[in-house]
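quick one, fold the following:
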Amino acid sequence: MRRREFLKLLLGAPLMAGGLPVTAWAVPGVPERLLVHLMCVGGADFRFLFAPHPSDTAYAARFWEARSALYNYNRVNYADYAQAFADNYLAVTDGSPFGFGIHKAAPWLKAQFDAGNVAIVSNVLASELRRHDQAQLVMASGDLAASQYDYDRDGWGGRLMETMPEANVVAVTDTVSIFCNGTNPAHRHARLVHMRDSRNFALSTGSAGIWQERMARSLKSYYAAKQIQSATMPTAWPYHKILQNEMVLRRFGDGVRAVTDAYPLPDAVTALTANAKPLAKQWANIYDGYSAADLLKPRAVSMEYGGWDTHRAQRIFLETSFDALFGSDGGFAAFSSAVAPDALANTTFVVTTEFGRQLHANGDAGTDHGTGNYQILIGPAVAGGIYGEMFPRREINNSTGPAPYDTHGSDIKGLTSFERVCAAACDWVRPGSGVAVFPRTAYNDLGQFPEGPPLEPGVDLSRLFT
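From the prediction side, this is the model:
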């Protein structure tokens, strides 16, 4: 958040004793549309999350031949794909000619898909390179043509914030992603609030122990005395800015603390920590961000979930990870049960990863780096369904050469650039912002602008949101 915005908010408004503007909040909720970007770092194999229905006998046969090792692992031995599907997947009858399955570790996602709140975009290309660092840079920057090692650059979350007069991206992660960066090289984080621990967000009160408490009290008194002194000092006094920043940070932090004190975390959210669920603190940070929305002015949130580089024994990790995200007591279920319906109605989750995995299992019951994948959008505002061919026939039948499922090293062919999907999400947050955030989407794939990002034939992303 810009310094002058801090000053306007915290120095120019009437303050309560706790430092919070008297009009700052009434009930938890997001007053304006909010995009939450969940990055699954490592290249998630979403072809394991979504699987073909056994009734598609031709495709299922090739799928099972190539991927049976992923399921027949750790003393499990399925006789055929029909048995494996029945044991691992919840059947969905809508979305493809034969239906498909959503993994049983993700029942919340299945229920939301059935309710029309989940869009699955197939054959999405995030990077043509199978290298983590470059592919993650591409996804965070929102630029399929991003130069390698160019880490001092803007991200698509930061660019989205710059299309609105008062808007911030809130990073609830330990480290800040390039996704949050703005276009000003001198101040990439002008529109960023880094809230890695919302319940310990303000300047320290020394609650960790008696000596820390004494130090915090002494520092508070010291700066208060210096504030009085600064009133008599000339404008050029070099410590004015330091003292002003300390006052702004203290009041801003006290304001957030007043909100978090007024709104304890719901049991469903605290249970995530008690059950050692990944991302538990990130979910708590987002909930508090809802409560303190008037202070934080969030229009985008940055989340990250690592560890998806499943080169071996991937079934164990993926089932645990799907449950952590989409299980009946996972993060999405707990969070959505804790916040008000109007807040959820104003929130869309965009679940991405830097690249997909290969169609064939490798020799260690895992999968190696690929390119194409699925992208998942979740929320009441989403026009749910399948966008693109979920299990393309070319993967089992290629008249011009070997089919991908017959060729080791093959993967899902990327037909739709993630830029187009994310641009549609930006347009939902603020109509017309998609082209500003993703300039290449202004180009078409025919005619005079052949450099435009690809889009699978027949896919209409303009209807991605209701």
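
and the longest helix seen in the chain, what does it pack against?
Across the chain, the longest stretch assigned as helix under DSSP state H is helix 240-262. Helices and strands touching helix 240-262, by 3 or more C-beta pairs under 8 Å, 6 or more residues apart in numbering; DSSP states H and E, are helix 3-11, helix 210-230, helix 280-291, helix 293-296. (C-beta placed from N, C-alpha, C; glycine too.)

make it 7 Å
Counting by 3 or more C-beta pairs under 7 Å, 6 or more residues apart in numbering; DSSP states H and E, the packing neighbours recorded for helix 240-262 are helix 3-11, helix 210-230, helix 280-291.

hey, C-alpha coordinates of the last one in PDB?
Taking C-alpha atoms only, helix 280-291 is exported to PDB below (Å, rounded to 0.1, in the frame of the first residue of the first chain):
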ATOM      1  CA  ALA A 280      -3.700 -23.500   7.700                       C
ATOM      2  CA  LYS A 281      -2.000 -20.200   8.500                       C
ATOM      3  CA  GLN A 282      -2.700 -18.900   5.000                       C
ATOM      4  CA  TRP A 283      -6.400 -19.700   5.300                       C
ATOM      5  CA  ALA A 284      -6.400 -17.900   8.700                       C
ATOM      6  CA  ASN A 285      -4.600 -14.900   7.200                       C
ATOM      7  CA  ILE A 286      -7.200 -14.700   4.400                       C
ATOM      8  CA  TYR A 287     -10.100 -14.900   6.900                       C
ATOM      9  CA  ASP A 288      -8.600 -12.000   8.800                       C
ATOM     10  CA  GLY A 289      -8.100 -10.200   5.600                       C
ATOM     11  CA  TYR A 290     -11.800 -10.400   5.000                       C
ATOM     12  CA  SER A 291     -12.500  -9.000   8.400                       C
END
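
after the lowest-mean-pLDDT helix or strand in the chain, next one along is what?
When the helices and strands of the chain are scored by mean pLDDT, DSSP states H and E, helix 3-11 comes last with a mean of 47. Next helix or strand after helix 3-11 toward the C-terminus (DSSP states H and E): strand 34-40.

tilt between that following strand and helix 280-291?
Relative orientation of strand 34-40 versus helix 280-291 (axes from the mean of the first three to the mean of the last three C-alpha atoms, to 10 degrees): 170 degrees.

so how far is strand 34-40 from its chain's centroid?
Using C-alpha atoms, centre = their mean, to the nearest Å, the mean C-alpha position of strand 34-40 is found 2 Å from that of the whole chain.

partner strands of it, with direction?
strand 298-305 (parallel), strand 347-353 (parallel) (DSSP bridges).

could I get those as JSON lines with mean pLDDT and mean neighbour count?
Converted to JSON lines, these look like this (pLDDT from 0 to 100; neighbours: other C-beta atoms under 10 Å):
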{"stretch": "strand 298-305", "mean pLDDT": "98", "mean neighbour count": "25"}
{"stretch": "strand 347-353", "mean pLDDT": "98", "mean neighbour count": "24"}
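
who wins for proximity to K110 among these?
Across the strands paired with strand 34-40, K110 has its closest neighbour in strand 347-353 (14.8 Å, C-beta to C-beta).

just give me how far the closest one sits from the chain centre.
5 Å.

got it, and stretch 322-341?
On C-alpha atoms, centre = their mean, the centre of stretch 322-341 falls 14 Å from the chain's centre.

which of the residues in it are buried?
322-327, 330-336, 338-339 (16 or more other C-beta atoms under 10 Å).

ok, stretch 258-278 next?
A258, V259, T260, Y263, L265, P266, A268, V269, T270, L272, K277, P278.

point out where the stretch 351-466 of the chain drops to low pLDDT.
444-451 (pLDDT under 70).

my bad, should have said the chain
Using pLDDT under 70, the chain drops low at 1-31, 95, 208, 444-451.

as a quick check, tell me the outermost residue of it.
T232 (48.3 Å; C-alpha atoms, centre = their mean).

distance of that residue relative to M247?
16 Å (C-beta to C-beta, to the nearest Å).

could you single out the nearest of the buried residues of stretch 258-278 to P439?
The closest of these, once distances to P439 are taken by C-beta to C-beta, is P278, at 34.7 Å.

related to what we said a few turns ago, which single one of the buried residues of stretch 258-278 is nearest to L90?
Taking C-beta to C-beta as the measure, L90 lies nearest K277 of those, at 20.8 Å.

so what's that closest one closest to, chain neighbours aside?
Closest residue in space to K277, ignoring its immediate chain neighbours: A324 at 5.3 Å, by C-beta to C-beta, 6 or more residues apart in numbering.

can you pull the contacts of the one you found?
By C-beta atoms under 7 Å, 6 or more residues apart in numbering, the contact set of A324 is K277, P278, L279, G330, G331.

quick one on the thing from earlier: and what about the residue farthest from the centre of the chain, helix, strand or coil?
coil (DSSP: H, G, I helix; E, B strand; the rest coil).

if I look at it, how far off is L144?
Distance, T232 to L144, using C-beta to C-beta: 57 Å.

try F418
F418 sits 7 Å away from L144, taking C-beta to C-beta as the criterion.

which stretches of the stretch 301-450 of the chain form strands?
Remark: strands assigned in the stretch 301-450 of the chain by DSSP state E, counting those that start in this stretch are 347-353, 373-378, 385-387, 416-417.

can you tell me how far Y305 sits from W283?
11 Å.

pop the domain breakdown of this structure in here.
The record's domain parsing of the chain by automatic domain parsing lists 1-19+201-262, 31-198+264-463.

most packed of these?
domain 31-198+264-463 (a mean of 20; mean count of other C-beta atoms under 10 Å).

how far does it sit from the chain's center?
Distance of domain 31-198+264-463 from its chain centroid, counting by C-alpha atoms, centre = their mean, is 8 Å.

ok, and the closest non-adjacent residue to T320?
Once flanking residues are discounted, T320 sits nearest to A105: 7.7 Å by C-beta to C-beta, 6+ apart.

list the contacts of the one you found.
E319, F322, D323, G327.

would you mind writing the CA trace of stretch 103-111 as CSV?
What follows is stretch 103-111 as a C-alpha-only set of coordinates in CSV (Å, rounded to 0.1, in the frame of the first residue of the first chain):
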residue,chain,number,x,y,z
HIS,A,103,-10.6,-38.1,-7.1
LYS,A,104,-12.3,-39.3,-3.9
ALA,A,105,-9.8,-37.3,-1.9
ALA,A,106,-11.5,-34.2,-3.3
PRO,A,107,-15.3,-34.6,-2.3
TRP,A,108,-15.7,-30.9,-1.7
LEU,A,109,-14.5,-30.1,-5.2
LYS,A,110,-16.9,-32.7,-6.6
ALA,A,111,-19.9,-31.1,-4.7
